[in-house]
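A.B. asks: Turn this into a structure:
(one chain, ligands or ions: 2)
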Amino acid sequence: MPPLPEWLLRCAVTDTPALEAKNLYKVFGRNPKDAVARLRAGESRQGIADAGTAAVIDASFTVQPGEIFVIMGLSGSGKSTIIRMLNGLLPPTAGDVVIGGRSVAAASPAELRTIRRESVSMVFQHFALLPHLTVLDNAAYALEIQGVGKSERRARAQEILDRVGLGDRAHAMPDELSGGMRQRVGIARALTAGTDILLMDEAFSALDPLIRREMQEQLVELQRELGRTIVFITHDLNEAMFLGDRIAVMRDGRIVQNGTPEEILTDPANDYVAQFVQDVDRARVLTAASVMEPPHQTTPVSAGVRGALRTLRAQQVGSVFAVENRRLVGVVTDRAVIRAVKSGETDLRKIVDAHVPTVGPDDLLTDIVETAVEATVPLAVVDENRRLLGVIPRVTLLAALGNVPATTREMPVIQSPIDMVAQFTPLVDAATEGTLVPGAATSEGSVR
Ligand SMILES: Nc1ncnc2c1ncn2[C@@H]1O[C@H](COP(=O)(O)OP(=O)(O)O)[C@@H](O)[C@H]1O
Ligand SMILES: [Mg+2]
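C.D. replies: Ligands and ions are numbered 1, 2, ... in the order given. Next comes the predicted model:
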């Protein structure tokens, strides 16, 4: 992947929100102002139907710089109407849009054109490429409008095309490209414009599912690198959940919930949202950090083999994590402990297995399932310093994926403790003088 040029990396470093919608209303019809007054007075959308169609009702939200803000709702819920008000294509019936601290309602026509040219780019569902221009000139088009000279704009467009994986198709014509490639050109064109805000209206909805997923992943990657602010519209909840830092859920013109994907999934504001999220692909939304359990089954390395044995027995589990200064050293199994006891080994470090499956707190469940399936111990969630943040027993993972509410905070047993009596009685007896036999005296003091 080629390194990114400086001009591309200009991420807004400011506290000012990138974009604000303030009590936006849009009514289409004979008497829009009157309709808004009646809506404000408490009449319903159906109630004011004689005055017009209330496409957007009292929508307020704030989009922070560098965020992907998703507006999600069924067809007809008012998404496109909102996005057209965001870039000044449609005047609101009431309310205001503020871009980078500047009121769109108060802007003159000339200022509006400047905002559209320099602050906000659009990516459409049907690409809207110019058929007679090459891919390169399509990608460079916004710069041409901005008055950038031919060689510079082509150089910038080429960089972006390389970035979206179309560098070698720069001289193709749009009709020689697949749908996915054409939408990449659409994105390249919006990125080349260099605007801080990208508005994407159902940009991936026309693509088939595999291409679509690829595009979603690429968009997230681009976003991480470029730090642009994106308002992304979709009717697809899975897409919303995957892309959105935050999601506004719309119904009949109103925003019914505004929150992170996890909030919307785990705490839906009402039955409508709850029904919506029922079928969501949770694996692509939930992170390791959001499902992990507190790490109870740990033993400090300094506690030695005896300490590990004590923990194994107290917790009635088959393995524990060995830690040192909260950092994960590895996993210790009951078998290894018993063997150590038998041979007189006291140093836990000697029997720790350092090959533990670990995952990061931000890893998506979809990316850790395979590790979990193969692991014989709970997954350890560690930060970049290998500090143990939590654990994910397999059953926790399965419960999260299946939307089973947690009824207990107890640690489930993944690797069942070995049947010490049956398998190791002679060995244990020799080592501990029988103290591991259930019912016998259980003071670990006798394990030496
Ligand atoms: N120009 C218009 N004139 C009249 N009604 C419109 C117009 N644009 C949109 N609407 C109506 O406003 C509502 C919201 O439409 P839209 O914003 O396109 O929804 P979405 O993008 O969520 O599918 C719909 O009922 C639609 O029929
Ligand atoms: Mg629409």
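
A.B. asks: From here on, just use CA atoms for contacts and neighbour counts.
C.D. replies: OK.

A.B. asks: Please work out how many residues are found near residue 349.
C.D. replies: 16 (other Cα atoms under 10 Å).

A.B. asks: Now do the helix or strand containing residue 70: which elements does it pack against?
C.D. replies: Assessed by DSSP states H and E, residue 70 sits inside strand 68-73. Packed against strand 68-73 by the contact rule (3 or more Cα pairs under 8 Å, 6 or more residues apart in numbering; DSSP states H and E) you find helix 79-86, strand 229-234, helix 237-243, strand 246-251.

A.B. asks: okay, the ones you listed in JSON lines with mean pLDDT, mean neighbour count and distance to residue 378 next?
C.D. replies: Output for these, formatted as JSON lines (pLDDT from 0 to 100; neighbours: other Cα atoms under 10 Å; distance: least, Cα to Cα, whole Å):
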{"stretch": "helix 79-86", "mean pLDDT": "95", "mean neighbour count": "22", "distance to residue 378": "43"}
{"stretch": "strand 229-234", "mean pLDDT": "95", "mean neighbour count": "26", "distance to residue 378": "36"}
{"stretch": "helix 237-243", "mean pLDDT": "89", "mean neighbour count": "23", "distance to residue 378": "26"}
{"stretch": "strand 246-251", "mean pLDDT": "96", "mean neighbour count": "24", "distance to residue 378": "30"}
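
A.B. asks: how about those in CSV, adding distance to residue 307?
C.D. replies: Below are these laid out as CSV (distance: least, Cα to Cα, whole Å):
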stretch, distance to residue 307
helix 79-86, 59
strand 229-234, 52
helix 237-243, 43
strand 246-251, 45
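
A.B. asks: What parts of the stretch 1-150 of the chain come near ligand 1?
C.D. replies: Proximity of the stretch 1-150 of the chain to ligand 1, by Cα under 6 Å from any ligand atom, involves residues 28, 53, 55, 75, 76, 77, 78, 79, 80, 81.

A.B. asks: mind redoing it with 5 Å?
C.D. replies: 28, 55, 75, 76, 77, 78, 79, 80, 81 (Cα under 5 Å from any ligand atom).

A.B. asks: who are the neighbours in contact with the residue most central in space within the chain?
C.D. replies: Central residue of the chain (Cα atoms, centre = their mean): residue 242, 5.2 Å from the mean position. The contact partners of residue 242, by Cα atoms under 8 Å, 6 or more residues apart in numbering, come to 216, 284, 285.

A.B. asks: how close does it get to residue 356?
C.D. replies: Distance, residue 242 to residue 356, by Cα to Cα, to the nearest Å: 28 Å.

A.B. asks: swap in residue 362?
C.D. replies: From residue 362 to residue 356 the distance is 18 Å (Cα to Cα).

A.B. asks: more crowded one of these two?
C.D. replies: residue 356 (19 against 13).

A.B. asks: Run through the residues that contact that one.
C.D. replies: The contact partners of residue 356, by Cα under 8 Å, 6+ apart, come to 330, 331, 377, 379, 380.

A.B. asks: so how many other residues sit close to the fourth one?
C.D. replies: The one in question is residue 379. 25.

A.B. asks: Identify the bridge partners of it.
C.D. replies: With DSSP bridges as the criterion, residue 379 is bridged to residue 392.
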